[in-house]
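S.K.: Here is the input, now give the coordinates:
(2 chains)
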Protein chains: 2
Amino acid sequence: MYRIPDHIGIIPDGNRRWAVSKNMSKEAGYVFGLNPGLELYRLCKQLGVRELTYYGFTQDNTRRPHLQTIAFQKACVDAVRMLEKEDANLLVIGNYNSPMFPKELLPYTKRIQLGNGKIKVNFLVNYGWQWDLNSAFINYKNANVNANILSFLPSADISRVDLIIRWGGRRRLSGFLPIQSIYADFYVIDDYWPDFKPEHLYNALEWYSRQDVTLGG
Amino acid sequence: MYRIPDHIGIIPDGNRRWAVSKNMSKEAGYVFGLNPGLELYRLCKQLGVRELTYYGFTQDNTRRPHLQTIAFQKACVDAVRMLEKEDANLLVIGNYNSPMFPKELLPYTKRIQLGNGKIKVNFLVNYGWQWDLNSAFINYKNANVNANILSFLPSADISRVDLIIRWGGRRRLSGFLPIQSIYADFYVIDDYWPDFKPEHLYNALEWYSRQDVTLGG
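M.R.: Residues are numbered from 1 along each chain as shown, chains lettered A, B, ... in the order given. All right, here's what the predicted structure looks like:
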């Protein structure tokens, strides 16, 4: 039996390196990340995870070559289309006042119930940590209420992350929800994301079960 | 030859677990972290590291039993006394408007040159990520200038962290400079901090040399 984290963050890295390792062009890798994402969602739902956040793409990522940008934008739209057939309380979050944000996803920038809802799924699309923080600063400056400062983040509806799993071997957050990730346990898988297998998740959960939760105390 | 990071963050965790493993009381562990800290500083200076940040203690930590709080406060004061005999551009940073902040360290809350200076050393003492961010929000709200929002952080004088090394096996940031650590590579050593040996640093640098630097791109 695992101690199941309430909220898991997913950094599905390594699509391009996977494609290159298969003699494909880099941008061809993203589409192979779609089925893993769906499989992982179903496993988490089954295990009773309450909230799941996927790192789609960031504003930093949009500096990449045009062919890649188009490919990961399309993959994000397709991922939402796949999720529409499932149960989820979906929120797509990122800077939607930008041409980089796929306009097909605008209807999901307010949380929406798909199927019977229940599991919260957050999808970071054209997300930027600077955008998230800068917006919070500006919202706070313009507000007249005395609320918790972090409630002014555009991402305020996303809870604290308990466990972050990153594929592709890199041991860094790369701007993934810096505030919500303050106390998160960080588990890295060397395999590339398109090579996802359920054991990756189980190993991460088994490891997470052995960590203490101190919230910095 | 290593690719030397400009700025290394040090999370010297495991003092209490080390003490318990030696049949000592938990709070007895902190003093054994002092010499490792000095040794690490000297190695980094020699290697040409430009900036070094130590996680002293946090506001979260001050919820611990009184004996422990006294012990880690004293260890931080002693660490600064040891560093005074070396060369460093020292900044002690944390919420100094609190009785938890050791008043002996107040003179160091503005950056001060010790010896011939050169290497920047930052020492987080009674630091809190909430304190850092909340202060920035309030400073920004009260300011009339149009500067970069992050320049309003009390920790704004601390640069981006390239490599974070954490002792004691835990794979989490625990509130360590969340903004400066956005792109940091994160290296975890299972040994407890009082068991520091130079190989730990060399292994971390060897690993860091093999990472690419993308800054999220």
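S.K.: So residue A:17 versus residue A:204, what's the distance?
M.R.: Distance, residue A:17 to residue A:204, using CB to CB, to the nearest Å: 20 Å. Using the backbone N, CA and C atoms, a C-beta is placed for each residue, glycine as well.
S.K.: With residue A:189 instead?
M.R.: Taking CB to CB, one finds residue A:189 at 7 Å from residue A:204.
S.K.: Mutual contacts of the two, please.
M.R.: Taking CB atoms under 8 Å, 6 or more residues apart in numbering or on different chains as the criterion, residue A:189 and residue A:204 both touch residue A:165.
S.K.: pull the helix or strand with minimum mean pLDDT from chain A.
M.R.: Across the helices and strands of chain A, mean confidence by mean pLDDT, DSSP states H and E is lowest for helix A:129-142: a mean of 95.
S.K.: ok, the residue sitting nearest the centre point of chain A - contacts?
M.R.: With distances taken as CA atoms, centre = their mean, the residue of chain A nearest its centroid is residue A:54 (1.9 Å). Listed by CB under 8 Å, 6+ apart, the contact partners of residue A:54 are A:10, A:12, A:37, A:79, A:121, A:122, A:123, A:124.
S.K.: Neighbour count for residue A:17 and residue A:204, which is higher?
M.R.: More crowded of residue A:17 and residue A:204, by other CB atoms under 10 Å in any protein chain shown: residue A:204, with 21 against 16.
S.K.: phi, psi of the more buried one?
M.R.: Backbone geometry at residue A:204, expressed as degrees, to the nearest 10, gives phi -60, psi -40.
S.K.: pretty sure it is in contact with residue A:162, am I right?
M.R.: No. Counting by CB atoms under 8 Å, residue A:204 stays clear of residue A:162, with 11.2 Å between them.
S.K.: so residue A:174, which of the three states?
M.R.: Following DSSP: H, G, I helix; E, B strand; the rest coil, residue A:174 is assigned to coil.
S.K.: With residue A:122 instead?
M.R.: For residue A:122, the assignment made with three-state DSSP gives strand.
S.K.: Which strand residues bridge it?
M.R.: residue A:53, residue A:91 (DSSP bridges).
S.K.: any idea how far chain B is from it?
M.R.: The gap separating residue A:122 from chain B is 19 Å, by CB to the nearest CB, to the nearest Å.
S.K.: and if you look at residue A:2?
M.R.: Plainly put, residue A:2 is 17 Å away from chain B if you go by CB to the nearest CB.
S.K.: Tell me which residues touch that residue, please.
M.R.: Residue A:2 is in contact with A:47, A:202, A:205, A:206, A:208, A:209, counting by CB under 8 Å, 6+ apart.
S.K.: contacting residues for the fourth one?
M.R.: The contact partners of residue A:206, taken as CB under 8 Å, 6+ apart, are residue A:2.
S.K.: just how off-centre is the helix or strand hosting it within its chain?
M.R.: For residue A:206, the host element (DSSP states H and E) is helix A:198-209. How far helix A:198-209 lies from its chain's middle: 18 Å, per CA atoms, centre = their mean, to the nearest Å.
S.K.: Can you give me the distance of the residue nearest to residue A:88 when sequence neighbours are not counted to residue A:54?
M.R.: Of all residues not flanking residue A:88 in the chain, residue A:121 sits nearest, at 4.2 Å (CB to CB, 6 or more residues apart in numbering or on different chains). Here residue A:121 is placed at a distance of 7 Å from residue A:54 (CB to CB).
S.K.: Other residues contacting stretch A:73-82?
M.R.: Here stretch A:73-82 makes contact (CB under 8 Å, 6+ apart) with A:30-31, A:33-34, A:37-38, A:54, A:56-57, A:90, A:92, A:100, A:102, A:104-105, A:108, A:123, A:125.
S.K.: My error: substitute stretch A:20-35 in the last question.
M.R.: With contacts defined as CB under 8 Å, 6+ apart, stretch A:20-35 is touched by A:12, A:15-19, A:65, A:67-68, A:70-72, A:74-75, A:78-79, A:82, A:192-194.
S.K.: Residue most distant from the centroid, chain A?
M.R.: Residue farthest from the centre of chain A, counting by CA atoms, centre = their mean, is residue A:144 at 31.7 Å.
S.K.: does it count as helix, strand or coil?
M.R.: Of the three states, residue A:144 takes coil under three-state DSSP.
S.K.: how deep is residue A:112 tucked in, by neighbour count?
M.R.: Per other CB under 10 Å, the neighbour tally for residue A:112 reads 14.
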